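A.B. asks: here is my input; please provide its structure:
(2 chains)
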Amino acid sequence: MSVDKETVQKIANLSRIAITDEECEHFVPELNQILGWVEQLSEVDCSNVEPMTAVIPNKLRLRADEVTDGDKRDKVLANAPVAEHGFFAVPKVIE
Amino acid sequence: MANIQDLGIAGIRGGIDSGAFTAVEVAETFIDRVSAAKPLNAFLVETPDHALTAAKAADEAKAKGETLGKMAGVPIGMKDLFCTEGVPTTAASGILEGFVPQYESTVSANLFKNGAGMLGKLNLDQFAMGSSNETSAFGNVISPWRRNDGGNTDITPGGSSGGSAAAVAGRIAPAATGTDTGGSIRQPAAFAGITGFKPTYGRCSRWGTIAFASSLDQAGSMAHDTRDCAIMLEAMAGFDVKDSTSLDLPVPDWEAALNSDLKGKRIGIPKEYRVDNMPSEIDALWQQGIAWMKDAGATIVDVSLPHTKYALPAYYIIAPAEASSNLARYDGVRYGKRDLPDGAGLQDMYAATREAGFGDEVKRRIMIGTYVLSAGYYDAYYTQAQKVRTLISQDFDKAWEQCDLLLTPTAPSAAFGLGEKSDDPLAMYLNDVFTVPSSLAGLPAMSVPAGLDGQGLPLGLQVIGKALDEQNVFNAGLALEERAGFVAKPEQWW
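C.D. replies: Residues are numbered from 1 along each chain as shown, chains lettered A, B, ... in the order given. This next block holds a predicted model:
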């Protein structure tokens, strides 16, 4: 499978990266080279093979449903590019 | 007695213990080394006060006759992928410029609890994506090593833990933290002539470590020798409720059980690691390593890991897929950079912020990851890669029926010159051909400096062990180290 300029722009949009036309030009051959190379995986017979989910057998633990953290609003907001009235501030979302 | 700057963790511990010098003297020595090493660009942030405070605490504890922590008075370098409270942390990316964590990563907290001080934050490949430290938004790290041709070509320290490797190799820090997703501890350790250890996946908590590919990311130690790596790893590792994949197991006393007698151990030599175009010097070193293992009492067994050639392509689907999800959090809302073009809405802000903040290699991997996870391609790429990963893991399980450890070269070449491979992403990826398979299987592995090539640059040998069997990896590493007698160090030119 290979990607063209239009597909790369679509992937960039899905990735929320506003790449320039110039960047797109050089990403097309680079991504195709990588995708062409990973293509070799299709030659491996994987019938009856389960996809890996955990490299080291490990159980997901449950913990008591208790509050163990919190009450640190100012710390949470400390690195926000813009914070107002104790909230993260973003540009207007709904017209 | 050796200069303080040439000492590692055990040497510093011994000197403080015997009263040969104080922890403050150690900290001052390395703080001076750090500020004199700016041409290497290994440090992004210097934190001399942190190192001095820890040193004073160690000296005071000693004066009071208290038991000192494993890392008491040892000033370390911290890869800038570990969040450190109150100290800027960027993962070498523009998108996190100005980010000051309000919390401490578990690994750094464990090290500090054990008495370590911090000299500063170490440069790396951006988000740990790279094998040469050339993807950092804050400039390349330059290896302290130079070729013996009399030229002054800047050499890569390897990556992604390039700052860590350069700092230890240049005697700028006695030890440093690293993280390894596909070889990011072992390959730079080999390139810089130091020792690097990646434990079993889950030994070190990932909490507070900036995520690249969560099913692969694992912290480890980078130092002058095997003993130092063992001491440091003991101080870093341990169960952490805040990481759901953290292993709920006690941390063994690896240092106390170090033993380089390999009698009764079977060392597997995987035939698939004999790759095309491997320099003859690497092959010769591998043969030398086999002879050293025999000399240490081990028996050598030829083994096969038939799916080895598929490890890299599987890795370059799985790691970008996980990265594309993990890096979705950088949106210009909660932390880091925000780029808000005039009149832009929320979606435009996300896209502009990520365009401005991420470097090329990071964008490439996010886009590859997004593509292989997208509707219609998910099974062909991602599911297939995870199936191949199962086969790779099973290859190791089968090998363990015949042997206890594996011996391979760490990297397919010595360090290359900066810029020599940066135009070809695929050529760069091939650096990790020997380290990626054990990462995909979550196994403990280390690189031991074993010799110099014809250009005078270091080469490393890799030991891979069974899951949770760090001890035998350390022991085999020690056996190699004792026989290799690697004492070469870079000439100080900076």
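A.B. asks: hey, where'd the strands end up in chain A?
C.D. replies: Along chain A, the segments classed as strands by DSSP state E run A:83-84, A:87-88.
A.B. asks: can you tell me the strand partners of the first one and which way each runs?
C.D. replies: Taking DSSP bridges as the criterion, strand A:83-84 pairs within the sheet with strand A:87-88 (antiparallel).
A.B. asks: the stretch 351-494 of chain B: strands as residue ranges?
C.D. replies: For the stretch 351-494 of chain B, strands defined by DSSP state E, counting those that start in this stretch occupy the ranges B:405-409, B:445-452, B:458-465.
A.B. asks: closest to residue B:122 out of those strands?
C.D. replies: For these, the distance to residue B:122 is smallest for strand B:445-452, at 17.6 Å, taking C-beta to C-beta. Quick note: C-beta positions are derived from backbone N, CA and C, even for glycine.
A.B. asks: tell me which other helices or strands the closest one touches.
C.D. replies: Helices and strands touching strand B:445-452, by 3 or more C-beta pairs under 8 Å, 6 or more residues apart in numbering or on different chains; DSSP states H and E, are helix B:186-192, strand B:195-198, helix B:226-236, helix B:280-295, strand B:458-465, helix B:470-484.
A.B. asks: which parts of the fourth one are buried?
C.D. replies: Of the residues in helix B:280-295, those buried by neighbour count under the rule 16 or more other C-beta atoms under 10 Å in any protein chain shown are B:281, B:282, B:285, B:286, B:288, B:289, B:290, B:292, B:293.
A.B. asks: go on, stretch B:190-209?
C.D. replies: By neighbour count with 16+ other C-beta under 10 Å, stretch B:190-209 contains the buried residues B:190-209.
A.B. asks: now for the residue in chain A that chain B sits nearest to: which residues touch it?
C.D. replies: In chain A, no residue comes nearer to chain B than residue A:55, which is 3.1 Å away by C-beta to the nearest C-beta. Counting by C-beta atoms under 8 Å, 6 or more residues apart in numbering or on different chains, residue A:55 touches B:201, B:215, B:393, B:440, B:441, B:442, B:467.
A.B. asks: need the max-distance pair from those residues.
C.D. replies: The most widely separated members of the contacts of residue A:55 are B:215 and B:467, with 14.3 Å between them, by C-beta to C-beta.
A.B. asks: still on that earlier bit, can you list the contacts of residue A:55 in TSV and add distance to residue B:274 and pLDDT?
C.D. replies: Compiled in TSV, these are given as follows (distance: C-beta to C-beta, whole Å; pLDDT from 0 to 100):
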residue	distance to residue B:274	pLDDT
B:201	27	98
B:215	29	96
B:393	22	98
B:440	20	98
B:441	20	98
B:442	24	98
B:467	25	98
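A.B. asks: intersect those residues with the contacts of chain A.
C.D. replies: B:201, B:215, B:393, B:440, B:441, B:442, B:467 (C-beta under 8 Å from any C-beta of the partner chain).
A.B. asks: if you rank those residues by neighbours, which is first?
C.D. replies: Neighbour counts for the ones next to chain A among the contacts of residue A:55 (other C-beta atoms under 10 Å in any protein chain shown) peak at residue B:440, which has 30 neighbours.
A.B. asks: residue contacts, that one?
C.D. replies: Contacts of residue B:440 were listed using C-beta under 8 Å, 6+ apart, and they are A:52, A:55, B:216, B:311, B:314, B:315, B:318, B:389, B:392, B:393.
A.B. asks: before we move on, what about residue B:137?
C.D. replies: By C-beta under 8 Å, 6+ apart, the residues touching residue B:137 are B:90, B:92, B:93, B:94, B:97, B:126, B:359.
A.B. asks: one more: residue B:21?
C.D. replies: Residues near residue B:21 by C-beta under 8 Å, 6+ apart: B:4, B:15.
A.B. asks: now it: which helix or strand?
C.D. replies: For residue B:21, there is no host helix or strand (DSSP states H and E).
A.B. asks: any idea how far it lies from residue B:59?
C.D. replies: Between residue B:21 and residue B:59 the distance is 10 Å, computed by C-beta to C-beta, to the nearest Å.
A.B. asks: surely residue B:182 is in contact with residue B:432?
C.D. replies: Yes. Counting by C-beta atoms under 8 Å, residue B:182 does reach residue B:432; the two are 4.7 Å apart.
A.B. asks: comparing these two, which residue is more hemmed in?
C.D. replies: With neighbours defined as other C-beta under 10 Å, residue B:182 and residue B:432 compare such that residue B:182 has more, 30 against 24.
A.B. asks: look up how far residue B:434 lies from the more buried one.
C.D. replies: For residue B:182, the distance to residue B:434 - C-beta to C-beta - is 10 Å.
A.B. asks: now the helices and strands packed on strand B:445-452 in TSV, with distance to residue B:15 and mean pLDDT?
C.D. replies: As requested, the helices and strands packed on strand B:445-452 are exported to TSV (distance: least, C-beta to C-beta, whole Å; pLDDT from 0 to 100):
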stretch	distance to residue B:15	mean pLDDT
helix B:186-192	24	98
strand B:195-198	20	98
helix B:226-236	14	98
helix B:280-295	30	97
strand B:458-465	26	98
helix B:470-484	21	98
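A.B. asks: how about the ones you listed in a markdown table, adding distance to chain A?
C.D. replies: Listed next are the helices and strands packed on strand B:445-452 as a markdown table, based on distance: least, C-beta to the nearest C-beta, whole Å:
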| stretch | distance to chain A |
| --- | --- |
| helix B:186-192 | 17 |
| strand B:195-198 | 13 |
| helix B:226-236 | 17 |
| helix B:280-295 | 23 |
| strand B:458-465 | 13 |
| helix B:470-484 | 13 |
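A.B. asks: report the contact partners of residue A:33.
C.D. replies: Counting by C-beta under 8 Å, 6+ apart, residue A:33 touches B:425, B:426.
A.B. asks: run through chain B and note the low-pLDDT ranges.
C.D. replies: B:1 (pLDDT under 70).
A.B. asks: residue nearest the centroid of the chain?
C.D. replies: Just so you know, I chose chain A. residue A:15 (7.2 Å; C-alpha atoms, centre = their mean).
A.B. asks: not quite, go with chain B.
C.D. replies: Computing the C-alpha centroid of chain B and ranking residues by C-alpha atoms, centre = their mean puts residue B:185 first, at 2.1 Å.
A.B. asks: from residue B:198, how far off is it?
C.D. replies: If you measure residue B:185 against residue B:198 using C-beta to C-beta, the figure is 5 Å.
A.B. asks: so how far is stretch B:154-170 off the chain centroid?
C.D. replies: 10 Å (C-alpha atoms, centre = their mean, to the nearest Å).
A.B. asks: alpha carbons only: can I get it in CSV?
C.D. replies: Output in CSV follows, covering the C-alpha atoms of stretch B:154-170 (Å, rounded to 0.1, in the frame of the first residue of the first chain):
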residue,chain,number,x,y,z
ASP,B,154,31.5,15.3,15.6
ILE,B,155,30.4,11.8,16.5
THR,B,156,26.9,10.7,17.6
PRO,B,157,26.6,9.5,21.2
GLY,B,158,23.7,7.3,20.0
GLY,B,159,20.2,7.7,21.1
SER,B,160,17.7,8.2,22.4
SER,B,161,19.6,8.4,25.7
GLY,B,162,22.5,10.3,24.0
GLY,B,163,23.0,12.9,26.7
SER,B,164,23.1,10.2,29.3
ALA,B,165,25.8,8.2,27.4
ALA,B,166,27.9,11.3,26.6
ALA,B,167,27.8,12.5,30.2
VAL,B,168,28.9,9.2,31.7
ALA,B,169,31.5,8.6,28.9
GLY,B,170,32.9,12.1,29.3
